[in-house]
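Undergrad: I'll drop the sequence and a predicted model, then ask my questions.
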Amino acid sequence: MLDLDDYLPYLLNRAGSRIARAFTRELRAQGITLPIWRVLAALQHRDRQTVSQLAESTAIDISTLSRILDLMEDRGLAVRARGVAGDARSIELRLTPAGRALARRITPVALDYERTALAGLSPAEERQLKRLLGRVHANMAGLTRRRERTALDV
């Protein structure tokens, strides 16, 4: 029998949903959504990313990401540029000054949510939790690749 209180996917979703709901209220006051924040944060961390790189780092599928980028361009938060790294087909995204300013304004709020979520954990426990979650993510990426290969073999 499955015990939800001891089932990792449930526990991760439950914690993530609670953080996302509360943080979304903060973002709404800034006039943006959680997916827009994820793109802002990803580009603030490393500007000039391709759509594929952004999709991977934000966990947003490419078709949804494309609509988000359209909205961000319309709002003057990001711009797309063609022909990066000598490839005319490649599209690179970067933040505008307005996008950078908005990301800087929201970052302290995001960090406060992280501090709240990690309250009571020692610095070593925080590092271990983040490292372990990174490993869980990598494990799932490996499972996805194996399942995709198996589906192709059928």
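TA: Nice, thanks for sending it over. Numbering: from 1, shown residues only.

Undergrad: which residues of this structure score low on pLDDT?
TA: Scanning the chain with the threshold set as pLDDT under 70 gives 83-88, 144-154.

Undergrad: would you map out the domains in it?
TA: Using automatic domain parsing, the domains assigned to the chain come out as 4-117, 122-154.

Undergrad: please identify the most buried of these.
TA: Among the domains of the chain, domain 4-117 has the highest mean neighbour count (mean count of other C-beta atoms under 10 Å), at a mean of 15. In this view, the C-beta of every residue, glycine as well, is placed from N, C-alpha and C.

Undergrad: gap between the two ends of that domain?
TA: Using C-alpha to C-alpha, to the nearest Å, the end-to-end distance of domain 4-117 comes to 20 Å.

Undergrad: and that domain, how far out from the chain's middle?
TA: Centroid separation for domain 4-117 versus its chain: 5 Å, with C-alpha atoms, centre = their mean, to the nearest Å.

Undergrad: swap in stretch 99-118?
TA: The chain centroid and the centroid of stretch 99-118 are separated by 13 Å, computed with C-alpha atoms, centre = their mean.

Undergrad: give me the contacts around it.
TA: 15, 19, 22-23, 26-27, 30, 32, 37, 40-41, 43-44, 72, 76-78, 95, 126, 129 (C-beta atoms under 8 Å, 6 or more residues apart in numbering).

Undergrad: what are the ranges of the helices in this structure?
TA: Assigned by DSSP state H, the chain shows helices spanning 8-29, 34-45, 51-58, 62-74, 97-117, 123-153.

Undergrad: for residue 89, find the nearest of those.
TA: helix 51-58 (11.4 Å; C-beta to C-beta).

Undergrad: quick one: that closest one to helix 34-45, angle?
TA: Orientation note: helix 51-58 sits at an angle of 110 degrees relative to helix 34-45 (axes from the mean of the first three to the mean of the last three C-alpha atoms, to 10 degrees).

Undergrad: helices or strands up against helix 51-58?
TA: In this structure, helix 51-58 packs against helix 34-45, helix 62-74, strand 91-95, with contacts taken as 3 or more C-beta pairs under 8 Å, 6 or more residues apart in numbering; DSSP states H and E.
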